[in-house]
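# can't give you the sequence, but here's the structure:
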């Protein structure tokens, strides 16, 4: 086995500084400084076999326009392609488009498409499919991701291999957005034939794997698209894929997932529980690849719901949290404590966040609450106007989230706040958190660039993914500026202002930037973890014969 990146960083008793890190970003010249985590092949790839991958939960849906769930994106990228791809170095490279041109004013994008590409159904891919995909997306008012392309005013297909996008205003991130899984290209005939079942019982993409079946809470089965030869240049293998198929098994219980992995019944484990990483690293028949990623786990607070509607409560929660204790107690040191929602390696990260962040200070938390009229009750829980300071806290039921919630319950209790944890299976969490009824919640977010700030905090993103009830005109203006202004200095200043205001308003309590982990069984070769796309399209993965 050869693993080029085993552990990039971790926490020690005092917070360690980051190794050089970064990721793709804000603007057209985005370059990632994260090295990919790889497991190189010991021999020439051996075609054949079915790759078994363990997930902890089902994807929400496999329609790219209807979900923001990370698991869904990872699956959609197996079955679909995008106009462009993002390289392991963060640069934008060809996908189903061989080339493109951007007008000087930034308002016209012209793509020249590959020829000879077919959908799984056998239909030939053309510019008409691109036009349909984006017009469908932009017309879907319920889509949680269509906002990425709101600047597009028209999509034209003057011939079978040419697509022209005309924008109403410039968008610094448009090429980057064309590479995300949500921008996967669709077959109009298949989508319209399936109706609401597209992405549930029917999928027809141009990707390296064909959708075969989905038994909820059991497995998803995919077979190789044998005609696939148009893999992006970032892959060593342009296609077809080496493995004959991929089976994703849904194994919610971490202990069972790891037991199946160690028994040789699973080749890859999407995320190895932090408690098992050390034990499994370099173990008999298995190993764990650890990789740096742009990720933040945070404690979110809804400003439209009492008591997190009160600034004093949000500030006190921030001061009551010992992030180092959470990082070690729940995540076993696999990451760094977070100052803001942006990882320090993200272009656009504001260094001043480290000075403005609300540090762990239980006495300060108590003082803030007392000054705002929250008095300690006989049971230790503070009260105000006859109402206890009780905060419902919704978490996805992973081991790490549950452990973190138990630690947070104890920490907040020390300052008189009762945290009431409610556990959800992942798909149910996303459904519930669209209601607007959540008070506080935990979520881990993965992102490619600083535009995650727009994703979460622009008013147009309410009620989800802006689950914070947070609507501030200045924030909206800065976010719009960050997307449309061609001056990098103006964009950087906008991002700094946004992060400063978010810290002042205590919208979230940042917890940790997690290190990614991937369980890899012996005999699995060609693993290449992308900083923002995980295993991307699995074209280079093979099973030793």
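Done, it's in. Quick caveat: nothing in here was measured; it's all calculated off a predicted structure.

# every contact and neighbour count from this point should use C-alpha atoms.
Noted.

# which parts of the stretch 351-500 of the chain are strands?
375-376, 382-384, 387-388, 390-396, 418-424, 440-446 (DSSP state E, counting those that start in this stretch).

# wait, what's in contact with the residue nearest to residue 521 when sequence neighbours are not counted?
Spatially, and ignoring its direct neighbours in sequence, residue 521 is nearest to residue 286 (4.3 Å; C-alpha to C-alpha, 6 or more residues apart in numbering). Counting by C-alpha atoms under 8 Å, 6 or more residues apart in numbering, residue 286 makes contact with 261, 262, 280, 519, 520, 521, 522.

# list of residues touching the helix or strand harbouring the fourth one?
When secondary structure is defined using DSSP states H and E, the element that contains residue 519 is strand 516-521. Applying C-alpha under 8 Å, 6+ apart, the external contacts of strand 516-521 come out as 261, 264, 266-272, 277, 285-293.

# same question for stretch 142-151.
Contacts for stretch 142-151 (C-alpha under 8 Å, 6+ apart): 65-68, 137-138, 140, 167-171, 174, 177, 182, 461, 464-465.

# stretch 486-500 now?
27, 170, 172, 340, 348-350, 352-353, 356, 450, 475, 478-479, 481-483, 485.

# pull the most distant pair out of the contacts of residue 286.
Largest separation among the contacts of residue 286 by C-alpha to C-alpha: 280 and 522, giving 12.1 Å.

# shared neighbours of these two, anything?
By C-alpha under 8 Å, 6+ apart, residue 280 and residue 522 have these common neighbours: 286, 287.

# and the helices in the stretch 101-250 of the chain?
127-139, 174-178, 188-194 (DSSP state H, counting those that start in this stretch).

# got TSV for those helices, with distance to residue 218, mean neighbour count and mean pLDDT too?
Listed next are those as TSV, based on distance: least, C-alpha to C-alpha, whole Å; neighbours: other C-alpha atoms under 10 Å; pLDDT from 0 to 100:
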stretch	distance to residue 218	mean neighbour count	mean pLDDT
helix 127-139	30	19	97
helix 174-178	32	21	94
helix 188-194	22	14	97
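
# closest to residue 375 out of those?
Here helix 174-178 is closest among the helices of the stretch 101-250 of the chain (C-alpha to C-alpha), at 48.6 Å.

# buried residues in the helix or strand containing residue 257?
Counting by DSSP H and E, the element that carries residue 257 is helix 254-262. Residues of helix 254-262 classed as buried by neighbour count (16 or more other C-alpha atoms under 10 Å): 254, 257, 258, 260, 261, 262.

# quick check: the farthest pair among the residues you listed?
Of all pairs in the buried residues of helix 254-262, the most separated under C-alpha to C-alpha is 254 and 262 at 12.3 Å.

# and the strand holding residue 519, how far out from the chain middle?
17 Å (C-alpha atoms, centre = their mean, to the nearest Å).

# now do it against helix 254-262, angle only.
Interaxial angle of strand 516-521 relative to helix 254-262 (axes from the mean of the first three to the mean of the last three C-alpha atoms, to 10 degrees): 40 degrees.

# for strand 516-521, which strands pair with it and how are they oriented?
strand 268-269 (antiparallel), strand 286-291 (antiparallel) (DSSP bridges).

# apart from its neighbours in sequence, what residue is nearest residue 337?
Closest residue to residue 337 apart from its sequence neighbours, by C-alpha to C-alpha, 6+ apart: residue 512 at 4.4 Å.

# who does that neighbour form a beta bridge with?
residue 297, residue 337.

# could you check how many residues crowd around it?
Residues near residue 512, counting by other C-alpha atoms under 10 Å, number 27.

# do the same with the one 3 residues further on
Other residues lying near residue 515 total 22 when counted by other C-alpha under 10 Å.

# my read is that it contacts residue 332, right?
No: the criterion here is C-alpha atoms under 8 Å, and residue 515 misses it with residue 332 at 10.6 Å.

# which one is the spatially most central residue of the chain nearest to, not counting chain neighbours?
Among the residues of the chain, the one closest to the centroid is residue 446, at 2.9 Å (C-alpha atoms, centre = their mean). Nearest residue to residue 446 in three dimensions, chain neighbours excluded: residue 295, at 4.5 Å (C-alpha to C-alpha, 6+ apart).

# list the contacts for that neighbour?
342, 343, 444, 445, 446, 447, 513, 514.

# pLDDT added to the residues you listed, as TSV?
As requested, those are arranged in TSV below (pLDDT from 0 to 100):
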residue	pLDDT
342	95
343	93
444	91
445	90
446	88
447	88
513	95
514	92
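
# kindly write the ChimeraX command that selects the buried subset of those residues.
Buried subset of the contacts of residue 295, written as a ChimeraX selection, criterion 16+ other C-alpha under 10 Å:
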select :342,343,444,445,446,447,513,514
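
# before we move on, which element is residue 341 in?
Going by DSSP H and E, residue 341 is not in any helix or strand.

# doesn't residue 510 make contact with it?
Yes: counting by C-alpha under 8 Å, residue 341 touches residue 510, with 6.1 Å between them.

# overlap in contacts of these two?
296, 298.

# pull the number of nearby residues for residue 413.
Neighbour tally, residue 413, other C-alpha under 10 Å: 17.

# how about residue 50, nearest residue that isn't a chain neighbour?
Per C-alpha to C-alpha, 6+ apart, closest to residue 50 is residue 245, 4.6 Å.

# quick one: that neighbour from residue 271, how far?
Distance, residue 245 to residue 271, by C-alpha to C-alpha, to the nearest Å: 21 Å.

# same check on residue 292?
13 Å.

# need the contact list for residue 102.
For residue 102, the contacting residues are 108, 109, 110, by C-alpha under 8 Å, 6+ apart.

# confidence score at it?
pLDDT for residue 102: 96.

# hey, what's it bridged with?
Applying DSSP bridges to residue 102 gives these bridge partners: residue 109.

# for residue 177, see how far away it is.
Taking C-alpha to C-alpha, one finds residue 102 at 15 Å from residue 177.

# OK, contacts around residue 368?
So residue 368 contacts 312, 315, 316 (C-alpha under 8 Å, 6+ apart).

# sweet, I'm off.
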